[in-house]
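K.L.:
Here is a sequence with its predicted model. Questions after.
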Amino acid sequence: MRVITGEARGRKLLTLEGEDVRPTTAKVKEAVFSAIQFEIEGRVFLDLFAGSGQMGIEALSRGAKSAVFVDSSRKAVDIIRKNLNTSGLYDRAKVLHTDSLAYIDMMTEPVDLVYLDPPYGTGALQKAMEKINEKVKKTGVIIAENSEKEDILNNYGEFVLDRQKHYGKIKISMYRHKDYV
């Protein structure tokens, strides 16, 4: 797993080990960042259920002003910190060892871009979507990664489904404020 482009281009990133770990594939990562490439620079990126942190690191590498990484696993948080050091992007990052749903409740400042990749089939995605839409700027984008078998609504609050793509068994859904679709 590597950073695709930007200031940390080509840097190798560590990933978590284990059967329940499924890092976002390079194909999916490339598609996501291709879709939002002109919306990253100078913006705040929130990587919820961050795992290795590769999505937030890619955003930082492509010019995001800052990124917040949230994961409840101590091992994941340690990997994120190592990956931020390796990529040289730690100075614009905040890494939090906490539950992603609890973090959403604690947020006081809105963010621009959100990437959600919770464990599939647990209901965490739906719970997060119900909460996060109130914490994203009107001009922002919410990106959800989930199993193709898992249902996701067409709108959450004032954020509506803008596009949805399938990559094998993975589904990527992008939501934008109803005034910006």
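P.N.:
Ah, there it is.

K.L.:
in the chain, what secondary structure element scores lowest on mean pLDDT?
P.N.:
Across the helices and strands of the chain, mean confidence by mean pLDDT, DSSP states H and E is lowest for helix 26-35: a mean of 94.

K.L.:
What's the first helix or strand after that helix?
P.N.:
Moving toward the C-terminus from helix 26-35, the first helix or strand encountered (DSSP states H and E) is strand 44-48.

K.L.:
Can I get that following strand in CSV? Just the C-alpha atoms.
P.N.:
The C-alpha trace of strand 44-48 is given here as CSV (Å, rounded to 0.1, in the frame of the first residue of the first chain):
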residue,chain,number,x,y,z
VAL,A,44,-10.2,19.6,6.5
PHE,A,45,-10.5,15.8,6.0
LEU,A,46,-12.0,13.5,8.6
ASP,A,47,-11.0,9.8,8.4
LEU,A,48,-13.4,7.9,10.6
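
K.L.:
so what secondary structure elements neighbour it?
P.N.:
If you count contacts as 3 or more Cβ pairs under 8 Å, 6 or more residues apart in numbering; DSSP states H and E, strand 44-48 packs onto helix 54-61, strand 66-71, helix 100-106, strand 111-116. C-beta: built from backbone N, CA, C; applies to glycine.

K.L.:
now for the first one, which elements pack on it?
P.N.:
Contacts defined by 3+ Cβ pairs under 8 Å, 6+ apart place helix 54-61 against helix 26-35, strand 44-48, strand 66-71, helix 74-87, strand 111-116.

K.L.:
from the middle of its chain, how far away would that helix be?
P.N.:
Once both centres are worked out by Cα atoms, centre = their mean, to the nearest Å, helix 54-61 turns out to sit 9 Å from its chain's centre.

K.L.:
what mean pLDDT does that helix have?
P.N.:
Helix 54-61 shows a mean pLDDT of 97.

K.L.:
Of all residues in the chain, which one is nearest the centre?
P.N.:
Most central in the chain under Cα atoms, centre = their mean is Tyr115, positioned 2.2 Å from the mean C-alpha point.

K.L.:
just checking, it touches Phe33?
P.N.:
No: with contact defined as Cβ atoms under 8 Å, Tyr115 does not reach Phe33; the gap is 10.2 Å.

K.L.:
How about Met107: what's its closest non-neighbour residue?
P.N.:
Leaving aside its sequence neighbours, Met107 sits nearest to Lys135 (Cβ to Cβ, 6 or more residues apart in numbering; 4.7 Å).

K.L.:
Can you list the strands that the biggest strand by length in the chain pairs with?
P.N.:
Ordering each strand of the chain by length in residues (DSSP state E) puts strand 136-147 first. The pairing partners recorded for strand 136-147 under DSSP bridges are strand 111-116 (parallel), strand 170-177 (antiparallel).
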